[in-house]
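Undergrad: Need the 3D shape of this:
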Amino acid sequence: MLLKKGLCTLLTAAAMTGALLAPLPAGAGGTMIVSSPQDPGSWDPIDTFLVNWASVATNIYDGLTYRGPDTKLVPGLATSWEELDKGLRLRFILREGVVFHNGEPFNAEAVKFTFDRLLGEEGKKGPQRSNYAAIKSVAVIDAKTVDFLLSQPDPVLLTKLAGYGAMIVPPKYVTEKGDDYFNAHPVGTGPFQFVSYEPKVGIKLEAFAKHWGGAPKLDKLEYRFISEPSTAVAELQAGRVDLVIPPTIPIAMIPTLQKDANTAIATCASPTVCALRFNTGKGITADEKVRTAMILGVDREAIIKTVLAGQAEPIASFQGKLSFGNDPKMKPLPFDPQKAKQLLKEAGVAPGTAVQIDVRGNDATFNEVAQAVAGYLQGIGLNATIKPYETNVLLNDIIPAGKTGEMFQQLWGGWTLDYDNTAYLMYHSGEKWNPYDKDKELDALLESQRSITDRVEREKILQSIAQYTAKRALEMPLYNINAIFGVSKRLKNFTPVPDSRLRLTEVTVE
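TA: Numbers count the residues shown, from 1 in each chain. Okay, here's the model as predicted:
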């Protein structure tokens with residue numbers, strides 16, 4: 001039976017429907033245990049870009065705005081806002097009576113401290129600062145009013161304020177304890193407060209009774225970091241885990257979990273896209289003709305059908321249907337191995353030339369995809385090998401330092417549902433995720449759209465960026481994959497979300 005809920009679908013037997021969605025009696029919240037595939041390594045909002053950070057920290061922190069499972073933007077710590085001075089000033093009226101988990105009051109000074117820190121020296125150390133580059137300063141008007149002074153209008157800023165680097169932090173606590181302590185002992189205003197953290201093992205939270213939105217129904221919330229998909233699935237089936245979050249569940253395990261008497265699968269339309277990006281700095285993939293040949297040589301439709309069991313859609317650029325800037329008229333390059341061989345020959349690439357594909361070693365599904373890609377590349381005369389890395393090593397050490405092979409896995413959430421969040425960070429010169437390429441024309445396009453508030457005009461520029469990057473073959477676009485959650489029957493009132501930013505205030509556990 002299919003039970004549709006917003007953008008999401010619960011795939012389960014009819015008998016399970018009531019068990020998962022019926023409300024529990026008051027006071028029966030219990031403890032929920034979540035399996036996450038990755039320890040982000042820091043709980044400081046300015047230190048991360050990882051969806052697995054957000055799946056935890058969305059419960060610890062609040063932003064001025066909030067975006068829930070329906071993708072609509074609503075008030076968070078700000079009850080209202082208005083645009084002034086032709087978009088160069090945003091005024092926020094703040095929620096009163098809010099306290100941080102340590103008892104510190106939330107007010108305008110806390111907002112100013114958060115953004116001074118993000119845009120200052122500490123923010124330089126993390127990957128979030130460029131997302132908020134339009135903010136010149138934050139001015140305190142009074143205890144419940146702040147003005148954001150902008151160097152230029154930012155049409156996506158209100159959405160950015162709902163996540164990651166914009167999460168509001170407590171000034172006194174951070175100042176007295178220091179950044180390193182805060183990294184491992186987070187304090188926010190969210191519905192759950194920090195209890196303990198053991199690196200590589202897990203993090204424990206408990207309900208914050210004084211949350212401005214009301215106490216969550218759960219008593220305790222625990223996350224276990226389980227990188228091995230088979231282990232996570234086994235723990236779910238054994239009842240030691242209540243939820244397995246993306247991108248853990250291997251496609252091949254979906255039928256097993258659907259048939260299990262104790263589990264279900266919930267899938268959700270997602271902004272997450274997968275690609276194999278190219279090392280454009282050296283080797284054969286520095287040649288655009290070679291990159292194009294490699295894209296033509298891989299049958300992505302077949303991979304989606306066979307490896308992914310139809311749980312994805314092909315993409316023409318590095319974004320999916322939920323992304324503002326996606327051009328539905330753009331089509332992926334077709335599977336054309338003969339043309340691929342011809343281009344390789346024209347580029348002087350000898351048969352048997354080696355190429356290396358760097359992947360996240362714990363991503364079972366993508367490892368199958370990578371094996372299929374390697375097989376197709378073999379078919380056009382390239383000797384492709386796969387090199388797995390521990391996820392944090394690949395993301396923090398290998399890619400940013402420009403130490404990859406010819407191709408490397410890029411899984412991107414695009415959580416703002418706006419192509420800028422992907423394109424600027426992937427293609428602009430000097431950005432962390434662009435260790436190889438420098439293109440002044442592309443930089444100018446990326447910069448030009450950031451200050452345009454006319455949606456039609458801005459969408460045209462974003463679509464031209466997608467077309468430009470596709471023409472240059474900067475990556476092999478693969479697919480837009482659904483968010484796939486493994487769910488225990490013990491859970492009630494769980495709603496899967498498109499971007500893994502799980503707010504678990506309404507969930508209860510038997």
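Undergrad: Which residues are in contact with the residue nearest to the spatial centre of the chain?
TA: In the chain, the residue lying closest to the centroid (Cα atoms, centre = their mean) is Gly413, at 3.3 Å. Gly413 sits next to 51, 270-272, 499-500 when contact means Cβ atoms under 8 Å, 6 or more residues apart in numbering. For glycine as for every other residue, the C-beta is placed from the backbone atoms N, C-alpha and C.
Undergrad: gap between it and Thr495?
TA: Computed as Cβ to Cβ, to the nearest Å, the Gly413 to Thr495 distance reads 18 Å.
Undergrad: who touches stretch 219-229?
TA: Residues outside stretch 219-229 that contact it (Cβ under 8 Å, 6+ apart): 29-39, 55-56, 59, 192, 195, 200-207, 232, 235, 241, 248-250, 253, 362, 364-365, 390-391, 504.
Undergrad: Which ones among those residues lie within strands?
TA: Taking DSSP state E as the definition of strands, these contribute 31-36, 192, 195, 202-207.
Undergrad: Mind picking the two most distant members of those residues?
TA: The distance between the two most remote of the ones in strands among the contacts of stretch 219-229 (Cβ to Cβ) is 20.4 Å, for Ser35 and Ala207.
Undergrad: and the two? which has more neighbours close in?
TA: Ser35 (25 against 19; other Cβ atoms under 10 Å).
Undergrad: quick one: contacts for the more buried one?
TA: With Cβ under 8 Å, 6+ apart, Ser35 has these contacts: 223-224, 226, 232, 235-236, 241, 243-245, 248, 486.
Undergrad: Asp44 now?
TA: Taking Cβ under 8 Å, 6+ apart, one finds 126, 169, 179, 182-183, 186 in contact with Asp44.
Undergrad: And Ala139, by the same measure?
TA: Residues near Ala139 by Cβ under 8 Å, 6+ apart: 112, 146-147, 149.
Undergrad: please redo it, this time with the cut-off set to 10 Å
TA: Ala139 makes contact with 89, 91, 108, 112, 145-149 under the criterion Cβ atoms under 10 Å, 6 or more residues apart in numbering.
Undergrad: show me where pLDDT drops low in the stretch 201-350 of the chain?
TA: For the stretch 201-350 of the chain, no stretch has pLDDT under 70.
Undergrad: before we move on, what about the chain?
TA: In the chain (pLDDT under 70), the answer is 1-28.
Undergrad: Could you chop it up by domain?
TA: Split into domains by automatic domain parsing, the chain comes to 1-12+30-37+191-266+491-510, 61-177, 273-481.
Undergrad: Next, format the contacts of Gly413 as TSV and append secondary structure, neighbour count and distance to Leu296.
TA: Listed next are those as TSV, based on DSSP: H, G, I helix; E, B strand; the rest coil; neighbours: other Cβ atoms under 10 Å; distance: Cβ to Cβ, whole Å:
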residue	secondary structure	neighbour count	distance to Leu296
Val51	helix	27	31
Ser270	coil	28	27
Pro271	coil	26	26
Thr272	coil	25	25
Asp499	coil	25	32
Ser500	coil	26	33
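Undergrad: What is the nearest of the residues you listed to Leu395?
TA: Using Cβ to Cβ, Val51 is the member of the contacts of Gly413 that lies nearest Leu395, at 11.8 Å.
Undergrad: Isn't that closest one up against Arg501?
TA: Yes - counting by Cβ atoms under 10 Å, Arg501 is a contact partner of Val51 at 7.6 Å.
Undergrad: which helix of the protein spans the most residues?
TA: Using DSSP state H to assign secondary structure, the helix with the most residues in the chain is helix 455-472.
Undergrad: That one: what's the following helix or strand?
TA: With elements assigned by DSSP states H and E, the helix or strand that comes after helix 455-472 is strand 475-481.
Undergrad: packing partners for the helix or strand following that next one?
TA: Heading C-terminal from strand 475-481, the first helix or strand you meet, by DSSP H and E, is strand 483-488. Where contact means 3 or more Cβ pairs under 10 Å, 6 or more residues apart in numbering; DSSP states H and E, strand 483-488 is packed against strand 8-11, helix 14-21, strand 31-36, helix 229-237, strand 243-244, helix 254-259, strand 263-268.
Undergrad: Which helix or strand lies directly C-terminal to the last one?
TA: Using DSSP H and E, the helix or strand that follows strand 263-268 towards the C-terminus is strand 273-278.
Undergrad: got the angle for that following strand vs strand 475-481?
TA: For strand 273-278 against strand 475-481, the angle by axes from the mean of the first three to the mean of the last three Cα atoms, to 10 degrees is 170 degrees.
Undergrad: Partner strands of strand 273-278, with direction?
TA: Strand pairing for strand 273-278, determined by DSSP bridges: strand 407-412 (antiparallel), strand 475-481 (antiparallel).
Undergrad: Buried deepest among those strands, which one?
TA: Highest mean neighbour count of those: strand 475-481, a mean of 25 (counted as mean count of other Cβ atoms under 10 Å).
Undergrad: rewinding a little: Ile46 is nearest to which of the domains of the chain?
TA: With Cβ to Cβ as the measure, domain 61-177 is the member of these nearest Ile46 (4.3 Å).
Undergrad: any idea which element Thr495 lies in?
TA: Counting by DSSP H and E, there is no helix or strand that carries Thr495.
Undergrad: what about it, distance to Gly188?
TA: Distance from Thr495 to Gly188, by Cβ to Cβ: 22 Å.
Undergrad: Give me the more crowded residue out of these two.
TA: Between Thr495 and Gly188, counting by other Cβ under 10 Å, Gly188 is the more crowded of the two (27 against 20).
Undergrad: any idea which element the more buried one lies in?
TA: Using DSSP H and E, Gly188 sits within no helix or strand.
Undergrad: Also Lys136?
TA: Following DSSP H and E, the helix or strand that holds Lys136 is strand 135-142.
Undergrad: who does that strand pair up with?
TA: Short version: by DSSP bridges, strand 135-142 pairs with strand 145-150 (antiparallel).
Undergrad: Run the chain-centre distance for the strand it pairs with.
TA: Offset of strand 145-150 from its chain centre (Cα atoms, centre = their mean, to the nearest Å): 27 Å.
Undergrad: Over to stretch 208-227?
TA: So, by Cα atoms, centre = their mean, the centroid of stretch 208-227 is 21 Å from its chain's centroid.
Undergrad: Stretch 473-488 too?
TA: Centroid displacement of stretch 473-488 relative to its chain, using Cα atoms, centre = their mean, is 11 Å.
Undergrad: Over to stretch 229-238?
TA: 23 Å.
Undergrad: List the buried residues of the helix or strand hosting Leu90.
TA: Taking DSSP H and E as the criterion, Leu90 maps to strand 89-94. Neighbour counts over strand 89-94 (16 or more other Cβ atoms under 10 Å) mark 89-92, 94 as buried.
Undergrad: and which of the residues you listed is nearest Glu475?
TA: Taking Cβ to Cβ as the measure, Leu90 is the one of these closest to Glu475, at 34.2 Å.
Undergrad: Just the buried residues of the contacts of Ala139.
TA: Buried subset of the contacts of Ala139 (neighbour count, 16+ other Cβ under 10 Å): 89, 91, 108, 112, 145-148.
Undergrad: Distance to Gly379 added to these, as TSV?
TA: Output for the buried ones among the contacts of Ala139, formatted as TSV (distance: Cβ to Cβ, whole Å):
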residue	distance to Gly379
Arg89	58
Arg91	59
Ala108	62
Lys112	58
Thr145	63
Val146	59
Asp147	59
Phe148	54
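Undergrad: one step back: reformat the contacts of Ser35 as JSON lines; add neighbour count.
TA: Listed next are those as JSON lines, based on neighbours: other Cβ atoms under 10 Å:
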{"residue": "Tyr223", "neighbour count": "24"}
{"residue": "Arg224", "neighbour count": "20"}
{"residue": "Ile226", "neighbour count": "24"}
{"residue": "Ala232", "neighbour count": "26"}
{"residue": "Glu235", "neighbour count": "18"}
{"residue": "Leu236", "neighbour count": "26"}
{"residue": "Val241", "neighbour count": "24"}
{"residue": "Leu243", "neighbour count": "25"}
{"residue": "Val244", "neighbour count": "27"}
{"residue": "Ile245", "neighbour count": "25"}
{"residue": "Thr248", "neighbour count": "28"}
{"residue": "Gly486", "neighbour count": "27"}
